[in-house]
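Engineer: Turn this into a structure:
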Amino acid sequence: MDNTLTARQAAELLGISLPTLYSYVSRGLLQSHQYQGQRAKRYLKEEVLRLLARTSDNKRAGSAAESAIDWGVPVLESRITQVADGKLYYRGQHVAALAKTHSLEQTALILWDGAPGQNLPSDCLLALKSIWPELSCTSAALSLYDRAISILPLLASTVEQLGNIHVHQKAMLWMHLMAAALLGTEPDYLPFHQKLAQAWQLNAEQADLMRAALVVSADHELNVSTFTVRCVASAGAHMGMVLVAGLAALSGPKHGGESLRVGQMLREALACHPDDIVNSLNSRLNSHDASHHFSPRLPGFGHPLYPEGDPRGALLMEMLGRKEHAALFAVAEAAEDLTGQKLNIDYGLVAVEIACQLPPGAAQILFALGRTAGWIAHAMEQVETGQLIRPRARYVGIFPETDTA
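Structural biologist: Numbering: from 1, shown residues only. You can find the predicted model right below:
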């Protein structure tokens with residue numbers, strides 16, 4: 001069976017003139033093939049049909065949608081978070097300012113566009129505490145992060161059966177449940193940074209650092225976990241499943257899971273003699289596979305939205321202080337010299353983890369707990385639109401036979 005087309009057949013199939021067809025070839029959009037014993041060049045039918053799919057899709061803005069998938073143009077509207085000119089804003093409020101004064105609870109209400117309301121009733125916890133030991137026991141063999149993924153879906157029916165509480169109160173309850181699951185503790189209503197201080201035995205200064213880290217982690221526009229959350233929420237899934245979807249996406253090494261690799265790299269560098277830090281980082285740089293990481297060169301450095309440096313990571317490093325944690329700054333400066341890229345929030349969170357002597361992996365827990373506020377905000381915003389997120393794929397595989405005679 002001949003799977004090639006003449007130039008005229010290809011042009012007719014594409015709905016273009018012969019000169020346009022030849023310009024496609026010269027621009028690399030289509031290949032022509034010379035076969036032995038034939039003077040005229042031929043065109044593979046599969047390639048022509050694939051180009052037809054692309055050009056037809058472009059007329060419906062498909063190219064814009066495709067580019068939007070990877071740090072491109074916006075694909076949906078939101079009133080929650082803005083990244084502009086190297087700065088981050090939650091509903092118009094500068095996050096660097098919020099991080100100096102606000103708790104995660106206060107920040108969550110900003111993201112949810114809510115006003116300070118009544119405290120959660122104490123009886124909300126009674127039903128949840130009664131089932132918590134059994135849930136914790138059945139997931140005891142899992143890491144705390146994986147335990148949260150296993151526990152949260154099981155809480156939905158209990159949460160939904162609670163009394164008539166405001167939507168923001170219910171959202172705050174889900175945040176407290178997330179904290180308990182991530183920390184391996186019973187649910188309570190302590191402020192979130194105090195939960196962390198209690199679980200990790202921190203002093204008041206370190207607790208304030210947790211507070212700021214939670215605030216700067218709370219949201220970051222349409223990142224991969226947030227987009228996942230919006231997709232799942234748009235399908236009508238309950239909040240437990242929505243949050244599990246966020247955790248699943250965040251776990252990947254090209255998102256929140258990058259902090260685990262930053263931790264490994266940073267601990268290796270800190271274990272070296274100061275004169276060998278550059279060699280340690282160089283070794284990591286030479287083995288770095290950007291396709292498996294968020295950062296293009298070294299874990300914890302560079303961010304496409306912040307060419308001049310991630311303000312979230314910079315804020316956390318400023319709060320740590322150069323004098324008290326000179327080694328963390330020395331590694332950061334050596335890495336920046338090697339890569340030409342500034343540290344990002346992953347490095348900042350891991351630096352906090354190490355400076356406060358938190359358990360390895362605590363940076364990811366901290367990130368996930370803070371980001372829960374943003375996930376809930378985006379889930380609520382998506383549900384309010386009433387729209388199902390259902391993009392289309394451009395098919396470029398094997399095409400069925402078509403009559404080209």
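
Engineer: For burial, what's the neighbour tally of Pro304?
Structural biologist: 9 (other CB atoms under 10 Å). The C-beta positions use only the backbone N, C-alpha and C, and glycine is treated the same way.

Engineer: Could you break this structure into its assigned domains?
Structural biologist: Per automatic domain parsing, the structural domains of the chain span 1-76+399-405, 81-250+359-385, 258-355.

Engineer: possible to save these as TSV with mean pLDDT and distance to Arg392?
Structural biologist: Formatted as TSV, the domains of the chain follow (pLDDT from 0 to 100; distance: least, CB to CB, whole Å):
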stretch	mean pLDDT	distance to Arg392
domain 1-76+399-405	78	8
domain 81-250+359-385	93	14
domain 258-355	91	25
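
Engineer: closest one to Ala393 among the ones you listed?
Structural biologist: Taking CB to CB, domain 1-76+399-405 is the member of the domains of the chain nearest to Ala393, at 9.8 Å.

Engineer: just how off-centre is that closest one within its chain?
Structural biologist: Centroid separation between domain 1-76+399-405 and its chain, computed with CA atoms, centre = their mean, to the nearest Å, is 35 Å.

Engineer: With stretch 154-167 instead?
Structural biologist: So, by CA atoms, centre = their mean, the centroid of stretch 154-167 is 27 Å from its chain's centroid.

Engineer: How about stretch 205-213?
Structural biologist: In this view, stretch 205-213 has its centroid 22 Å away from the chain centroid, taken as CA atoms, centre = their mean.

Engineer: contacts for it?
Structural biologist: Stretch 205-213 has contacts (CB atoms under 8 Å, 6 or more residues apart in numbering) with 99-100, 102-104, 191-194, 196-197, 202, 315-316, 319-320, 348-349, 352, 356, 366, 370.

Engineer: and what of stretch 142-152?
Structural biologist: Contacting residues not belonging to stretch 142-152 are listed as 135-136, 138-140, 177-178, 181-184, 240-241, 243-244, 247-248, 251, 361, 364-365, 368 [CB under 8 Å, 6+ apart].

Engineer: about what we covered before: tabulate the domains of the chain in CSV, adding columns for distance to Ala393.
Structural biologist: Output for these, formatted as CSV (distance: least, CB to CB, whole Å):
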stretch, distance to Ala393
domain 1-76+399-405, 10
domain 81-250+359-385, 14
domain 258-355, 21
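
Engineer: sorry, back to before: separate out the buried members of the contacts of stretch 205-213.
Structural biologist: Buried members of the contacts of stretch 205-213, counted by 16 or more other CB atoms under 10 Å: 99, 102-104, 191-194, 196-197, 202, 315-316, 319-320, 348-349, 352, 356, 366, 370.

Engineer: Buried subset of the contacts of stretch 142-152, written for ChimeraX?
Structural biologist: If you want just the buried ones from those in ChimeraX, going by 16+ other CB under 10 Å, the selection is:
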select :135,136,139,177,178,181,182,183,240,241,243,244,247,251,361,364,365,368
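
Engineer: now, which of the contacts of stretch 142-152 lie within helices?
Structural biologist: Counted as lying in helices by DSSP state H, out of the contacts of stretch 142-152, are 135-136, 138, 177-178, 181-183, 240-241, 243-244, 247-248, 364-365, 368.

Engineer: Can you list the residue ranges for strands in the chain?
Structural biologist: Using DSSP state E, the strands of the chain run over 4-5, 43-44, 81-84, 87-90, 93-94.

Engineer: Turn the ones you listed into JSON lines, including mean neighbour count and distance to Tyr35.
Structural biologist: Formatted as JSON lines, the strands of the chain follow (neighbours: other CB atoms under 10 Å; distance: least, CB to CB, whole Å):
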{"stretch": "strand 4-5", "mean neighbour count": "19", "distance to Tyr35": "8"}
{"stretch": "strand 43-44", "mean neighbour count": "20", "distance to Tyr35": "11"}
{"stretch": "strand 81-84", "mean neighbour count": "15", "distance to Tyr35": "52"}
{"stretch": "strand 87-90", "mean neighbour count": "20", "distance to Tyr35": "58"}
{"stretch": "strand 93-94", "mean neighbour count": "14", "distance to Tyr35": "64"}
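
Engineer: Mind checking which of the buried ones among the contacts of stretch 205-213 land in helices?
Structural biologist: Judged by DSSP H, the subset of the buried ones among the contacts of stretch 205-213 located in helices is 99, 104, 192-194, 196-197, 315-316, 319-320, 348-349, 352, 366, 370.

Engineer: Out of these, which comes closest to Cys124?
Structural biologist: Using CB to CB, these come closest to Cys124 at Phe192, 16.6 Å.

Engineer: show me what contacts the closest one?
Structural biologist: Residues in contact with Phe192 (CB under 8 Å, 6+ apart) are Ser103, Leu104, Glu105, Met175, Ala179, Met210, Arg211, Leu214, Leu369.

Engineer: Just give me the closest of these to Cys231.
Structural biologist: The nearest one, if we look at the contacts of Phe192 relative to Cys231 and count by CB to CB, is Met175, at 20.8 Å.

Engineer: how much space is there between that closest one and Ala218?
Structural biologist: 10 Å (CB to CB, to the nearest Å).

Engineer: Who has more neighbours out of those two?
Structural biologist: Neighbours per residue (other CB under 10 Å) separate Met175 from Ala218, with Ala218 holding more: 28 against 20.

Engineer: In this structure that one contacts Arg371, no?
Structural biologist: Yes: shown here, Ala218 and Arg371 form a contact pair, counting by CB atoms under 8 Å, at 6.6 Å.

Engineer: ok, back up a step: and Gly263, which of the strands of the chain is closest to it?
Structural biologist: Of the strands of the chain, the one closest to Gly263 (CB to CB) turns out to be strand 87-90, at 23.4 Å.

Engineer: which other helices and strands contact the closest one?
Structural biologist: Applying 3 or more CB pairs under 8 Å, 6 or more residues apart in numbering; DSSP states H and E, we find strand 87-90 packed against strand 81-84, helix 95-101, helix 104-111, helix 311-320.

Engineer: Go ahead and name everything in contact with that strand.
Structural biologist: 80-83, 94-96, 98, 107, 110-111, 216, 218-220, 311-312.

Engineer: Same question for stretch 120-138.
Structural biologist: Applying CB under 8 Å, 6+ apart, the contact partners of stretch 120-138 are 147, 150-151, 154-155, 158-159, 161-163, 165, 169, 172-173, 176-177, 180, 184, 186-189.
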